[in-house]
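Undergrad: Give me a 3D structure for the following:
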Amino acid sequence: MGSIGLHKETINLPVINISDPTKEVGRQLVQAAINYGFLYISPEGTPFTEELVNHEFELSRQLFASHVSEKEACQIGSDNHGWTGMHNEILDPANQRKGDFKEAFNFGEFSADGKPQQVMPQCLNKEDIVSELYEFESACRATCHRILDLIGIGLEIDSEDSDTWFSRRHRQPSGSTVRLLHYPAIPADIEYEPEVDVRAGAHSDYGSITLLFQRPSQPGLEIRPP
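TA: Coordinates of the predicted model:
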């Protein structure tokens, strides 16, 4: 079991291996979704390697370390693709006095031949890097489809295509997004109160599934149980 702290509580989230598409695994996913809305996925049976994930974090570091003018050239638009800077988002306006202390970059779905469908920042707009980004996006999509299929199996949907019921309804273009996030150190001259100001306000994600990649032992995520 994995543990995530919530104030003084500890939630024991299940770690589920999705390599075997059985009803039992499907039921485990459904039960975790009902109880918490969160769970850990074991890397076995997924396309992810430690090298692939570490390299994505390194590309993220390079992007956010680039000059602000390079990121502003890819400013987020109505399609929700591109860069957004510090305090531009406010996820919990009812309880936040200022925008989130973070910046982000959203990648939309790539074309079938692995080409980005948006303006790319200069530091990432190289053929080999684009190929690596596409590999990561493809791994995310395949893993989401596996989870969706298992949820359909776990729910025992009464349909001939119950084992692919959800994934068949998430084929491209599905509006999927890969989001890189950066939580920089708070400058000393910035007004910041830890009890009031948060990095990302309380929220529920849009979409069907979010895969969250977090560095080992890195704190941050809080879960609000039912």
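
Undergrad: Show me the helices in the chain, by range?
TA: Using DSSP state H, the helices found in the chain span residues 23-35, 50-65, 68-72, 127-155.

Undergrad: which of those sits most buried?
TA: Sort the helices of the chain by mean neighbour count, taking mean count of other Cβ atoms under 10 Å, and helix 127-155 sits at the top with a mean of 18. Bear in mind the C-beta positions are built from the backbone N, C-alpha and C, glycine included.

Undergrad: Please state the offset of that one from the chain centre?
TA: Centroid displacement of helix 127-155 relative to its chain, using Cα atoms, centre = their mean, to the nearest Å, is 11 Å.

Undergrad: Stretch 58-74 now?
TA: Between the centre of stretch 58-74 and the centre of its chain there are 19 Å (Cα atoms, centre = their mean).

Undergrad: Can you get me the start-to-end distance on it?
TA: Taking Cα to Cα, to the nearest Å, stretch 58-74 runs 19 Å from one end to the other.

Undergrad: do stretch 218-226 as well
TA: 24 Å.

Undergrad: How far does that stretch sit from its chain's centre?
TA: Centre-to-centre, stretch 218-226 and its host chain are 14 Å apart (Cα atoms, centre = their mean).

Undergrad: Mind putting the helices of the chain into TSV with distance to S174?
TA: TSV is the format used below for those (distance: least, Cβ to Cβ, whole Å):
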stretch	distance to S174
helix 23-35	19
helix 50-65	20
helix 68-72	26
helix 127-155	8
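
Undergrad: can you redo these as JSON lines with mean pLDDT and distance to V178?
TA: Converted to JSON lines, these look like this (pLDDT from 0 to 100; distance: least, Cβ to Cβ, whole Å):
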{"stretch": "helix 23-35", "mean pLDDT": "95", "distance to V178": "22"}
{"stretch": "helix 50-65", "mean pLDDT": "95", "distance to V178": "9"}
{"stretch": "helix 68-72", "mean pLDDT": "95", "distance to V178": "16"}
{"stretch": "helix 127-155", "mean pLDDT": "94", "distance to V178": "5"}
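
Undergrad: quick one, which of those is nearest to L221?
TA: Checking these against L221 by Cβ to Cβ gives helix 23-35 as the closest, at 15.1 Å.

Undergrad: Tell me what angle that closest one forms with helix 127-155.
TA: 90 degrees (axes from the mean of the first three to the mean of the last three Cα atoms, to 10 degrees).

Undergrad: Alpha carbons of helix 23-35, as PDB, please.
TA: Extracted C-alpha coordinates of helix 23-35, given in PDB (Å, rounded to 0.1, in the frame of the first residue of the first chain):
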ATOM      1  CA  LYS A  23     -12.300  -9.000 -13.500                       C
ATOM      2  CA  GLU A  24     -10.600  -9.000 -10.100                       C
ATOM      3  CA  VAL A  25      -8.100  -6.200 -11.200                       C
ATOM      4  CA  GLY A  26     -11.100  -4.300 -12.700                       C
ATOM      5  CA  ARG A  27     -13.000  -4.500  -9.400                       C
ATOM      6  CA  GLN A  28      -9.900  -3.300  -7.500                       C
ATOM      7  CA  LEU A  29      -9.700  -0.200  -9.800                       C
ATOM      8  CA  VAL A  30     -13.400   0.500  -9.400                       C
ATOM      9  CA  GLN A  31     -13.300   0.100  -5.600                       C
ATOM     10  CA  ALA A  32     -10.300   2.500  -5.400                       C
ATOM     11  CA  ALA A  33     -12.200   5.000  -7.500                       C
ATOM     12  CA  ILE A  34     -15.200   4.800  -5.300                       C
ATOM     13  CA  ASN A  35     -13.300   5.000  -2.000                       C
END
